[in-house]
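Q: Structural data only, the sequence is not supplied:
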């Protein structure tokens, strides 16, 4: 059996870690193209100036326009060339990070998230959008980022909703990896060598990936509520450090090398409902996780544990929590049909899945979540 595992070359996490950014730039040369929203640059300007001065490097600001589009990537590649940049930095949220990956093409890229809202920083993939912000395609690179640099002080100062959304994304990691492992389904970690193009066999998950996904879930249960409180207080504590690691590193390695299943496919289906558009990725994935547990008829104790965790940290447990006050059977079936297209990860479940069973699982998850939210049990 062919297995695969992929990860960044370096992952560094700590308080005020952005002050060491210049050190990592120096491993590539003396200058870096900084891809970041102006607001994110403003939040950490003092640290950027300090690290540039300390290590004698130049940060070339790019005026990032906010979308990871082909046009923006082409513009920024030209900027990197004109300024003789030795590496690329993606600083901020998901779109800046993905744009940096695309500009770098998998070479000499440093990822510095300012929020812990998703597990994208460690991955070797990016989501491409049109100039208007509509989904266009996925991009894959031959390797994961060279450096993932996490400044926990910056993340502690961000709005707590971002951290909670990251917990929602991370919550699915164990359950999807467990399903993928049971199904002997394929994982994204096999893609760099050409499995996606049919140039070599696809790869299955490693035991290491499932172990990391399990630790991710255990960490959320142990430290999630205290981490949220730390973020609300804008203080770095051991609980916050642990959850940042779970949201970014453990979930990132867990999803890419452990596999995705129904939770993320259901998230993708939910995006056809306009009410969900103002909610974060991880918030919708959390509800998708509940629907996956219903789909696989998970033990009641496990389902209740996940419901309680979601309520404790403020994650959605029903459709109303993600902007869908009322959904008809027809709408739920349309969501399920999108979740069940041939390319979707729902087919990594260890049993046959169709739109009818997925629609039923979404409806039951909504009903149970609504009841649990009212009664607290």
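A: Perfect, thanks for sending it. Bear in mind the structure is a predicted one, so any value in this text is a computation, not a measurement. Numbers count the residues shown, from 1 in each chain.

Q: Residue 121 should be in a strand, yeah?
A: No: according to DSSP: H, G, I helix; E, B strand; the rest coil, residue 121 belongs to no strand; its state is helix.

Q: how far away is it from residue 297?
A: 34 Å (C-beta to C-beta, to the nearest Å). In short, each C-beta sits where N, CA and C put it, glycine included.

Q: Who has more neighbours out of the two?
A: residue 121 (26 against 10; other C-beta atoms under 10 Å).

Q: So the more buried one sits against residue 111, correct?
A: Yes: the pair residue 121 / residue 111 is scored as a contact, 4.6 Å apart, by C-beta atoms under 8 Å.

Q: Need the contact partners of the lowest-mean-pLDDT helix or strand in the chain.
A: Ranked by mean pLDDT, DSSP states H and E, the weakest helix or strand in the chain is strand 135-140, scoring a mean of 84. For strand 135-140, contacts defined as C-beta atoms under 8 Å, 6 or more residues apart in numbering pick out 69-70, 98, 101-102, 124-130, 188, 191-192, 196.

Q: Pull up the pairing partners for that strand, direction included.
A: strand 125-129 (antiparallel) (DSSP bridges).

Q: Buried residues of the partner strand, list them for me.
A: 125, 126, 127, 128, 129 (16 or more other C-beta atoms under 10 Å).

Q: tally of neighbours for residue 87?
A: That count, for residue 87 with other C-beta under 10 Å as the rule, works out to 24.

Q: Number the chain from 776, please
A: Yep, numbering from 776; the last one is residue 862 now.

Q: before we move on, the earlier item: downstream of the least confident helix or strand of the chain, the next helix or strand is which one?
A: The helix or strand immediately downstream of strand 910-915 is strand 922-926, counting by DSSP states H and E.

Q: so what strands line up beside that following strand?
A: Short version: by DSSP bridges, strand 922-926 pairs with strand 785-789 (parallel), strand 884-888 (parallel).

Q: Could I get the average pLDDT for the helix or strand that the first one is followed by?
A: Proceeding C-terminally, strand 785-789 gives way to helix 796-801 as the next helix or strand, assigned by DSSP H and E. Averaging pLDDT along helix 796-801 gives 98.

Q: State whether residue 809 is indeed within a helix.
A: No: counting by three-state DSSP, residue 809 falls outside a helix, being strand.

Q: Residue 1051 and residue 900: what is the separation?
A: Distance from residue 1051 to residue 900, by C-beta to C-beta: 22 Å.

Q: quick one on the thing from earlier: would you mind finding the most buried of the strands paired with strand 922-926?
A: strand 884-888 (a mean of 28; mean count of other C-beta atoms under 10 Å).
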